[in-house]
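Engineer: Could you work out the structure for the sequence below:
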Amino acid sequence: MGTTRRLKELNPAIQCISMGPDHPLHGLEGMKHMPTALVPGIYDPKLADEHVEVATEDAQTTALRLAREEGLLVGVSSGGNLHAALKVAAGLSEGVVVTIFCDSASKYLSESFWTEKLDPQAENWP
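Structural biologist: Just a heads-up that it's a prediction; the model follows:
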């Protein structure tokens, strides 16, 4: 919320897009499914220009691919952020998309998805 407010002060034309889990029972640590969550007082649903929902499995696969293909060991919420950013970028004909990797995977290494095989044709990598 704070970053979006400041960016829009500096450039009112900037588009800020929120990302959240697609289901109330999700595995995106630190994320809230806003329609079913206790909403924090700082949250303003009108501030984001768009909202992208991401499935836990897509976030996990994206985090796994970032580790294996790019050498970036990020957490599942960061995987969700990139998955959403790639979906947004796929719909653009011009512009720049920026996302934030807000966590490392150090707390999540015991999760089973790290040992899964990746299907290079999988649809969950936009």
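Engineer: buried stuff in stretch 31-42?
Structural biologist: Buried residues in stretch 31-42, counted by 16 or more other Cβ atoms under 10 Å: M31, K32, M34. Backbone N, C-alpha and C define where each C-beta goes, glycine included.
Engineer: distance of the most centrally placed residue in the chain from V96?
Structural biologist: Closest to where the C-alpha atoms of the chain average out (Cα atoms, centre = their mean) is N81, at 1.9 Å. Separation of N81 from V96 (Cβ to Cβ, to the nearest Å) stands at 15 Å.
Engineer: in this protein, which helix has the most residues?
Structural biologist: Secondary structure assigned by DSSP state H gives helix 76-90 as the longest helix of the chain.
Engineer: Pull out the buried residues from that one.
Structural biologist: 76-88.
Engineer: on that earlier part again, and which of the buried residues of stretch 31-42 is nearest to D22?
Structural biologist: Closest approach between those and D22, by Cβ to Cβ: M31, at 10.5 Å.
Engineer: What confidence value was assigned to that closest one?
Structural biologist: Confidence at M31, expressed as pLDDT, is 77.
Engineer: residues in contact with it?
Structural biologist: M19, G20, P21, S77, G80 (Cβ atoms under 8 Å, 6 or more residues apart in numbering).
Engineer: does it sit in a helix, a strand or a coil?
Structural biologist: What DSSP: H, G, I helix; E, B strand; the rest coil gives for M31 is coil.
Engineer: any idea how far S93 is from it?
Structural biologist: As for M31, its distance to S93 is 29 Å (criterion: Cβ to Cβ).
Engineer: Locate T99 within the secondary structure: which element?
Structural biologist: Using DSSP states H and E, T99 sits within no helix or strand.
Engineer: residues near it, how many?
Structural biologist: T99 is flanked by 17 other residues according to other Cβ atoms under 10 Å.
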